[in-house]
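Asks: generate a structure from the sequence data that follows.
(one chain, ligands or ions: 2)
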Amino acid sequence: MAPRGGTLRPVTTTPLTIFDTTMRDGEQAPGFSMTPAAKARLATQLDCLGVDVIEAGFPKASVGDFEAVRGIAARVRRPIIAALARALEDDIDCAWEALRGAARPRLHVFLATSDIHLEYKLRVDRAACRQMAAAAVAHARRYCPDVEFSAEDATRSDPAFLAEVAEAVIEAGASTVNLPDTVGYALPEDIGAMFAAVRARVGDGAVLSAHCHDDLGLAVSNSLAAIQAGARQVECTINGIGERAGNAALEEIVMALCVRPDRLPYRVGIRTEHLFETSRLLSAIVAVPVPPNKAIVGDNAFAHEAGVHQDGMLKHRLTYEIMEPATVGAPGTRLVIGKHSGIRGVDARCRALGHHLRPDDLTRLYARLIPLADQIKELDDTRLAALIAETRGVGAEAR
Ligand code: KIV
Ligand code: ZN
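Replies: Ligands and ions are numbered 1, 2, ... in the order given. Presented below is the predicted three-dimensional model:
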């Protein structure tokens with residue numbers, strides 16, 4: 001383990017593709033839909049953030065999605081622009097129509113491979129499923145040299161059948177095979193075994209990709225397990241938005257790679273200093289606030305209230321922070337004045353506001369502040385300044 005806040009760099013690193021699906025899977029979450037104009041704005045920001053692939057939408061789903069994909073394909077030229085389609089010729093034709101103006105288009109075709117989906121949803125047997133998947137990829141390849149195939153519900157699919165489908169779609173022309181944990185069911189060791197098994201079958205025939213949902217709160221852990229087992233593309237969303245409990249959060253995966261290169265020797269092209277602004281832009285677009293305790297980009301990610309923590313932070317940042325706020329573009333460390341604060345933290349906050357208190361004034365201020373904080377949770381700077389003035393007044397009278 002890196003002894004100090006992730007400063008060790010491995011000698012060699014393996015490149016990873018960051019595939020952002022905020023505007024496709026992320027948008028599928030109830031209450032998170034975006035207009036074509038909002039998607040265009042977000043796509044520009046994702047380009048600036050440095051993502052490798054932007055999945056701009058599912059053109060067959062709606063006219064709005066079609067227009068959003070078409071607009072982004074025309075304007076955002078550096079990253080690959082992907083569009084999703086079911087394994088149906090009509091869907092693929094529609095996705096290509098939206099995508100054809102892109103500098104680097106990718107058709108993303110999906111079909112479920114688990115027996116649960118085959119029996120209850122698709123009502124086809126395994127042989128038909130394999131044939132449909134290969135035929136859809138072959139159809140997509142007639143338009144586009146870059147085709148990704150996703151085996152929906154891969155983690156609940158029979159491993160041997162999954163590997164068979166992977167082989168068939170690669171044979172048909174897929175250059176990326178995505179193995180999603182569609183329902184967020186897998187544990188990290190399951191993911192590791194699944195990627196290792198498919199890799200053993202297909203070798204380097206295609207890039208393997210991870211796409212994990214967060215139903216058990218394991219989406220990021222599972223994505224990292226997939227990377228360690230050979231995935232070279234990871235699909236994720238800003239703020240972890242997505243179907244049901246969401247997808248793996250892009251900012252969490254990227255910062256895990258940045259903070260722990262000793263265990264995760266992979267490199268990505270993300271400009272981490274843009275993570276915070278990207279998170280806030282998405283939050284403004286969908287009008288859903290970022291939870292305060294959200295890793296990396298939440299308001300409390302770099303806030304310290306407990307006295308012991310504030311004391312540690314005042315002595316050395318590495319005591320309680322594993323990354324610097326500036327690395328992710330966050331405003332900065334905050335020492336919050338609340339009922340858990342210690343006297344050193346209160347003194348530091350007072351000094352930051354320009355008040356250098358005498359020791360007896362500081363002791364009096366602290367004695368009055370804690371009961372007040374007990375009632376109002378957090379003392380903002382205005383309340384603190386008022387309390388300082390009152391405390392100093394009382395002190396002056398007594399002297
Ligand atoms: O979760 C999933 O299986 C998906 C696929 C369509 C890639 O979102
Ligand atoms: Zn998904």
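
Asks: list the contacts of residue 155.
Replies: Applying Cβ atoms under 8 Å, 6 or more residues apart in numbering, we find residue 155 in contact with 179, 180, 181, 182, 183, 185, 186, 190, 191, 194. Heads up, the C-betas are built off the backbone N, CA and C, glycines and all.

Asks: let's see 7 Å
Replies: Counting by Cβ atoms under 7 Å, 6 or more residues apart in numbering, residue 155 touches 181, 185, 186, 190, 194.

Asks: same thing with residue 161?
Replies: Residue 161 touches 113, 126, counting by Cβ under 7 Å, 6+ apart.

Asks: and it, which helix or strand is it part of?
Replies: Using DSSP states H and E, residue 161 falls within helix 159-172.

Asks: filter the contacts of residue 155 to the buried ones?
Replies: Among the contacts of residue 155, those classed as buried by neighbour count (16 or more other Cβ atoms under 10 Å) are 181, 186, 190, 194.

Asks: in strands only, show me the residues you listed.
Replies: Among these, DSSP state E puts residue 181 in strands.

Asks: quick check: mean pLDDT of stretch 290-299?
Replies: Stretch 290-299 shows a mean pLDDT of 98.

Asks: in the stretch 1-150 of the chain, mark out all the strands, start to finish.
Replies: Per DSSP state E, counting those that start in this stretch, the stretch 1-150 of the chain carries strands over the ranges 14-15, 17-20, 53-57, 80-86, 105-112, 147-152.

Asks: mind listing the strands the fifth one pairs with, and their directions?
Replies: As defined by DSSP bridges, the strand partners of strand 105-112 come to strand 80-86 (parallel), strand 147-152 (parallel).

Asks: returning to that earlier point: let me know the closest of the buried ones among the contacts of residue 155 to residue 386.
Replies: residue 181 (52.0 Å; Cβ to Cβ).

Asks: wait, the closest one sits on residue 223?
Replies: No - at 8.9 Å, residue 181 does not count as touching residue 223 under the criterion of Cβ atoms under 7 Å.

Asks: list the residues that are in contact with both of the two.
Replies: residue 212.

Asks: show me where the stretch 251-399 of the chain has helices.
Replies: Ranges of helices in the stretch 251-399 of the chain, per DSSP state H, counting those that start in this stretch, are 275-286, 307-315, 343-352, 359-376, 381-398.

Asks: now the shortest one: buried residues?
Replies: Taking 16+ other Cβ under 10 Å as the neighbour-count basis, helix 307-315 is seen to contain the buried residues 307, 309, 310, 311, 312, 313, 314.

Asks: on that earlier part again, turn the strands of the stretch 1-150 of the chain into TSV, including mean pLDDT and distance to residue 166.
Replies: Shown next, in TSV, are those (pLDDT from 0 to 100; distance: least, Cβ to Cβ, whole Å):
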stretch	mean pLDDT	distance to residue 166
strand 14-15	96	21
strand 17-20	98	17
strand 53-57	98	19
strand 80-86	98	18
strand 105-112	98	12
strand 147-152	99	7
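
Asks: among the contacts of residue 155, give me the pair with the biggest separation.
Replies: The largest separation in the contacts of residue 155, counting by Cβ to Cβ, is between 185 and 194 at 11.5 Å.

Asks: before we move on, back to that, relative to residue 102, which of the helices of the stretch 251-399 of the chain is closest?
Replies: So among the helices of the stretch 251-399 of the chain, helix 275-286 is nearest, using Cβ to Cβ, at 21.3 Å.

Asks: residue 34 touches residue 27, doesn't it?
Replies: Yes - in terms of Cβ under 7 Å, residue 34 counts as a neighbour of residue 27; the distance is 5.7 Å.

Asks: more crowded one of these two?
Replies: Using other Cβ atoms under 10 Å as the criterion, residue 34 and residue 27 rank with residue 27 on top: 26 against 21.

Asks: list the residues that contact the closest residue to residue 202 other than its chain neighbours.
Replies: Leaving aside its chain neighbours, residue 202 sits nearest to residue 166 (5.2 Å; criterion: Cβ to Cβ, 6 or more residues apart in numbering). By Cβ under 7 Å, 6+ apart, the contact list for residue 166 reads 151, 177, 198, 201, 202.

Asks: circling back: can you put the helices of the stretch 251-399 of the chain in TSV and add distance to ligand 1 and mean pLDDT?
Replies: Below are the helices of the stretch 251-399 of the chain laid out as TSV (distance: least, Cβ to the nearest ligand atom, whole Å; pLDDT from 0 to 100):
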stretch	distance to ligand 1	mean pLDDT
helix 275-286	18	98
helix 307-315	38	96
helix 343-352	44	95
helix 359-376	43	95
helix 381-398	45	84
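
Asks: could you dump these into TSV with distance to residue 125 added?
Replies: Formatted as TSV, the helices of the stretch 251-399 of the chain follow (distance: least, Cβ to Cβ, whole Å):
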stretch	distance to residue 125
helix 275-286	40
helix 307-315	58
helix 343-352	65
helix 359-376	64
helix 381-398	67
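
Asks: of these, which is nearest residue 143?
Replies: Across these, closest to residue 143 is helix 275-286 (Cβ to Cβ), at 30.3 Å.

Asks: what residues does that closest one touch?
Replies: By Cβ under 7 Å, 6+ apart, the residues outside helix 275-286 that reach it are 22, 32, 34, 38, 42, 45, 49, 238-239, 251, 289-290, 296-297, 328-330.
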